[in-house]
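In: predicted model follows, preceded by the sequence.
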Amino acid sequence: MTALFPQGIGGGNGVGYGYKGKGILIHSITDANGMPLVAITTPANGDEGQQVLPMLAQIRLATGKRGNPKRRPKTLAADKGYDARWLRNKLRT
């Protein structure tokens, strides 16, 4: 897994002010066993819900069957920061 982190000195463009102060958010998707499938960082003041679809687009789930790998898991669990009606509707389609 490759992780890119923003600059440490002076903050850089990848660091923003969130409700707890200056920092970054680490977003990740794991499988049922806790193995990371994808991880990204964003400024602390970013919208968490906006990160779900780009992260899901990076996933390739091996099913053991021929053909293209699955791109979306059957079940997705997230905390309330990722909860939005538009996102739920988009994931159902």
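Out: Structure's in. What do you need?

In: could you pull out the strands for this structure?
Out: Secondary structure of the chain (DSSP state E): strands at 16-18, 21-30, 36-43.

In: any idea which of those is most buried?
Out: Comparing the strands of the chain by mean neighbour count (mean count of other CB atoms under 10 Å), strand 36-43 ranks first with a mean of 16. Glycine gets a C-beta too; all of them are placed from N, C-alpha and C.

In: that one pairs with which strands, and in what direction?
Out: On the basis of DSSP bridges, the sheet neighbours of strand 36-43 come out as strand 21-30 (antiparallel).

In: and the contacts of stretch 58-74?
Out: For stretch 58-74, the surrounding residues in contact (CB atoms under 8 Å, 6 or more residues apart in numbering) are 29, 37-38, 56-57, 91.

In: redo these as TSV? Include distance to Arg71.
Out: Below are those laid out as TSV (distance: CB to CB, whole Å):
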residue	distance to Arg71
Ile29	12
Leu37	11
Val38	11
Leu56	7
Ala57	7
Leu91	12
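
In: if I look at Asp79, how far off is Ser28?
Out: Distance from Asp79 to Ser28, counting by CB to CB, to the nearest Å: 12 Å.

In: shared neighbours of these two, which are they?
Out: Common neighbours of Asp79 and Ser28 (CB under 8 Å, 6+ apart) do not exist.

In: any low-confidence regions in this protein?
Out: 1-21 (pLDDT under 70).

In: just the helices in it please.
Out: 52-58, 85-92 (DSSP state H).

In: of those helices, which is nearest Thr42?
Out: Closest of the helices of the chain to Thr42 is helix 52-58, at 10.2 Å (criterion: CB to CB).

In: what's near enough to touch Thr42?
Out: By CB under 8 Å, 6+ apart, the residues touching Thr42 are 14, 24-25, 27, 51.

In: want to throw those residues into TSV with distance to Leu87?
Out: Formatted as TSV, these follow (distance: CB to CB, whole Å):
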residue	distance to Leu87
Gly14	23
Ile24	21
Leu25	16
His27	13
Gln51	10
